[in-house]
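Novice: Next one to model:
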Amino acid sequence: MKYLTFILALYTFALHGQKADTIRMPGESRGQILRISLEKDKNYGHPVLVFWLTKPDGTYLQTLFISQTIGKGIYPHGQVKAGKWLPGEHRHPSTLPFWAHNRGIKANDGTFLPTPDNPIPDAYTGATPLNNFVLYVKADSLLREKVILFFEINQPFDFNEYWHNTRYPDSQPYKNSGQPSVVYAVMIDMANPEPEYFLNPVGHGDPQGLTGKLFTDLSSLTTALKMVKKIKVEVLSPGN
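Specialist: This is a model prediction of the structure:
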């Protein structure tokens, strides 16, 4: 019986005691701090993700955190030289299209992606966490109104029966993605915040990255909905 109890304890720890990385983004503004806790699900591998704020009507306010590959436009395997993969510029408009079009800054190539010449500042970019994580980010200014916290996530080459690799045979951006990005959201009252909020899936992005439309039918997604188990956010005072 003691042995069985020990095994059950180990199993419980394996399920609920996973390591959580703590990430604190630099920032010298006087805005509120948001503590975002993400618990990954079984299909969270090496995704690309972004958190950002908008007004209730969807008007873009600011990016809080974005994976550095898309935030800088440089990928570890962006080019091949002498038979070796090297870092280099790459364009993936289907990765986080809802965020990209909402941000609304058009690059010379017609996409809405950051470039090495016009990247997202270091204060908002970082490596994609591979474990559960607690992320501390800061609003650029003290917010006294309701805002929407959005989260968008995409995992490359994540195909399923509906989003198969020949669905858009002439679209390379789609072939790099498969199932489209999943978008989560929650409305936050920054003047009178609740103790905690939880983000829920509200739709998916354009599978080819051509528009900033939010598609609210998630019935065709499978493994894409199993990347994230829970996202909790807490509003802290600027001094915390």
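Novice: From here on, just use CA atoms for contacts and neighbour counts.
Specialist: Fine.
Novice: neighbours around the closest residue to residue 225 other than its chain neighbours, how many?
Specialist: Closest residue in space to residue 225, ignoring its immediate chain neighbours: residue 182 at 7.3 Å, by Cα to Cα, 6 or more residues apart in numbering. Neighbourhood size, residue 182 [other Cα atoms under 10 Å]: 29.
Novice: Use 42 as the first number from now on
Specialist: Yes, from this point I'll number from 42; that puts the last item at residue 223.
Novice: dump the residue contacts of residue 223.
Specialist: Counting by Cα atoms under 8 Å, 6 or more residues apart in numbering, residue 223 touches 193-195, 242-246, 265-266.
Novice: Give the bridge partners for the residue nearest the centre of the chain, please.
Specialist: Closest residue to the average C-alpha location of the chain: residue 90 at 2.2 Å, with Cα atoms, centre = their mean. Note on residue 90: beta-bridge partners by DSSP bridges are residue 194.
Novice: For the helix or strand that residue 107 is a member of, name the packing helices and strands.
Specialist: Assigned by DSSP states H and E, residue 107 belongs to strand 101-108. In terms of contacts (3 or more Cα pairs under 8 Å, 6 or more residues apart in numbering; DSSP states H and E), strand 101-108 is packed against strand 89-95, helix 138-144, strand 166-167, strand 173-179.
Novice: How about it, which residues are buried there?
Specialist: For strand 101-108, the neighbour count (16 or more other Cα atoms under 10 Å) marks 101-102, 104-108 as buried.
Novice: same thing with stretch 160-172?
Specialist: 160-161, 164-167, 169-170, 172.
Novice: before we move on, back to that, so what strands line up beside the strand holding residue 107?
Specialist: By DSSP bridges, strand 101-108 pairs with strand 89-95 (antiparallel), strand 166-167 (parallel).
Novice: and of the ones you listed, who's closest to residue 255?
Specialist: With Cα to Cα as the criterion, residue 255 lies closest to strand 89-95 of those, at 14.4 Å.
Novice: Residues touching the closest one, excluding its own?
Specialist: Applying Cα under 8 Å, 6+ apart, the external contacts of strand 89-95 come out as 101-108, 110-111, 136-137, 140, 169, 188-196.
Novice: Now do it: distance to the chain's middle.
Specialist: Relative to the centre of its chain, strand 89-95 is centred 5 Å away, using Cα atoms, centre = their mean, to the nearest Å.
Novice: what mean pLDDT does it have?
Specialist: Averaged over strand 89-95, pLDDT sits at 99.
Novice: Also compute the angle for it relative to strand 173-179, please.
Specialist: 40 degrees (axes from the mean of the first three to the mean of the last three Cα atoms, to 10 degrees).
Novice: All the helices of this protein, in order from the start?
Specialist: In the chain, the helices defined using DSSP state H lie at 43-57, 109-113, 138-144, 213-216.
Novice: where in this protein is pLDDT low?
Specialist: In the predicted model, the chain carries pLDDT under 70 at residues 42-59, 117-129, 280-281.
Novice: Which stretches in it count as strands?
Specialist: Along the chain, the stretches classed as strands by DSSP state E are 61-65, 74-81, 89-95, 101-108, 115-122, 125-130, 166-167, 173-179, 187-195, 223-230, 238-239, 241-245, 269-277.
Novice: Pipe the buried residues of strand 101-108 into JSON lines and attach distance to residue 255 per row.
Specialist: Formatted as JSON lines, the buried residues of strand 101-108 follow (distance: Cα to Cα, whole Å):
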{"residue": "101", "distance to residue 255": "15"}
{"residue": "102", "distance to residue 255": "18"}
{"residue": "104", "distance to residue 255": "18"}
{"residue": "105", "distance to residue 255": "20"}
{"residue": "106", "distance to residue 255": "20"}
{"residue": "107", "distance to residue 255": "19"}
{"residue": "108", "distance to residue 255": "21"}
